[in-house]
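Enquirer: pasting the structure only:
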C-alpha cells in the first residue's frame, strides 16, 4: 500500500502546513480516530520516511518523536485524557518500545508542568506535585 503514496502526499505530510501534517489518513486510511500518528502507526511512518527521505549515507533516518504528551484531565489541546496512572503506563510502554525498535531515535516530551486550562499533559501538576508519569519518564 505504501507504494501507492504520491510524492505530493509525502511532501504535505512531512513538510506541509501544520494543519496538514500528520493527517495521513489519505495514505493508510484513518490511522487513529483523529487521523493522527500514534505508536501503532510508527512502523509504517518509518517506512515512508526511509523511502522518501533516506540518503545513501543514512538510508534509514531515525524518527525523533518530539512534543509527545498524554493529558490527564480535560484541556484545550486534546479531545481525550487518561487517568494519571494510565499516563505512567503509556509512558513506560512507549519508552520500552522506543528502546526496542531501531527506527526510533529519540522521544521528547513537550509540557513539564500542567498549565490548566490550556495544557494537562505535564509530568508535574500545576501545584508542583509530581504525577506518576514523572517517575515513569525519569525511570525510562
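Expert: Everything's here; your move. None of these values were measured; they are calculated from a predicted model. Numbering: from 1, shown residues only.

Enquirer: CA only for contacts and neighbour counts going forward, please
Expert: Noted.

Enquirer: Looks like residue 119 contacts residue 75 (just checking).
Expert: Yes: contact criterion Cα atoms under 8 Å: residue 119 and residue 75 qualify, at 5.5 Å.

Enquirer: who's more crowded, these two?
Expert: The neighbour comparison of residue 119 against residue 75 (other Cα atoms under 10 Å) goes to residue 119, with 22 against 18.

Enquirer: Now do the contacts for that one.
Expert: Contact partners of residue 119, counting by Cα atoms under 8 Å, 6 or more residues apart in numbering, are 71, 75-77, 111.

Enquirer: Of those, which pair is most distant in space?
Expert: 76 and 111 (13.4 Å; Cα to Cα).

Enquirer: The two: who's more crowded?
Expert: The neighbour comparison of residue 76 against residue 111 (other Cα under 10 Å) goes to residue 111, with 18 against 11.

Enquirer: The more buried one in helix, strand or coil?
Expert: coil (DSSP: H, G, I helix; E, B strand; the rest coil).

Enquirer: Quick check: the gap between it and residue 49.
Expert: 26 Å (Cα to Cα, to the nearest Å).

Enquirer: In this structure, what residue spans correspond to strands?
Expert: In the chain, the strands defined using DSSP state E lie at 63-68, 104-109.

Enquirer: Quick check: residue 110 touching residue 67?
Expert: Yes: in terms of Cα under 8 Å, residue 110 counts as a neighbour of residue 67; the distance is 4.2 Å.

Enquirer: Name the residue in those two with the higher neighbour count.
Expert: residue 110 (14 against 10).
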